[in-house]
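S.K.: No sequence on hand, only this structure:
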């Protein structure tokens, strides 16, 4: 199977809690190769572009406000079947429903503060990588 890429971002609650290294280590131990990484403070325009698929939801502004509230750590990881494998490592959006051993199951504290974002399909991975790292 060919190597593919996925986008993963440690959210403000994860960076504030010092979880970037632990999360990166989990991906490395699972056989992923880090392709790109950068820490940044997202502005509203970038956040709105990243979460454009949620723009009609009533909680859209809350999501934008949260993701711009502190630094995020954006990464591109490469592996066989990268999107599906990373999603299984990340766990359910709601940490209360995420299995122990997943990143959200081990570190998430609420639906809002769930530590990490990961692309949900190859098309979104490509779009998100472009938003954060260019072509």
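M.R.: Looks like it arrived, so ask away. In this text, all values refer to a predicted model and were calculated from it rather than measured experimentally. Numbering: from 1, shown residues only.

S.K.: And the strands in the protein?
M.R.: Taking DSSP state E as the criterion, the chain contains strands spanning 3-10, 33-40, 72-80, 116-118.

S.K.: partners of the third one, with directions?
M.R.: The sheet places strand 72-80 alongside strand 3-10 (antiparallel), strand 33-40 (antiparallel), with pairing taken from DSSP bridges.

S.K.: What's the mean pLDDT across stretch 10-19?
M.R.: Mean pLDDT, computed over stretch 10-19, is 98.

S.K.: now do the same end-to-end measure for it.
M.R.: 8 Å (CA to CA, to the nearest Å).

S.K.: what's the longest helix belonging to the chain in contact with?
M.R.: Ranked by number of residues, the top helix in the chain under DSSP state H is helix 122-133. Applying CB atoms under 8 Å, 6 or more residues apart in numbering, the external contacts of helix 122-133 come out as 4-7, 9, 36, 38, 40, 46, 49-50, 53, 74, 76, 82-83, 119. Just so you know, the C-beta spots here come from the backbone N, C-alpha and C atoms, and that holds for glycine as well.
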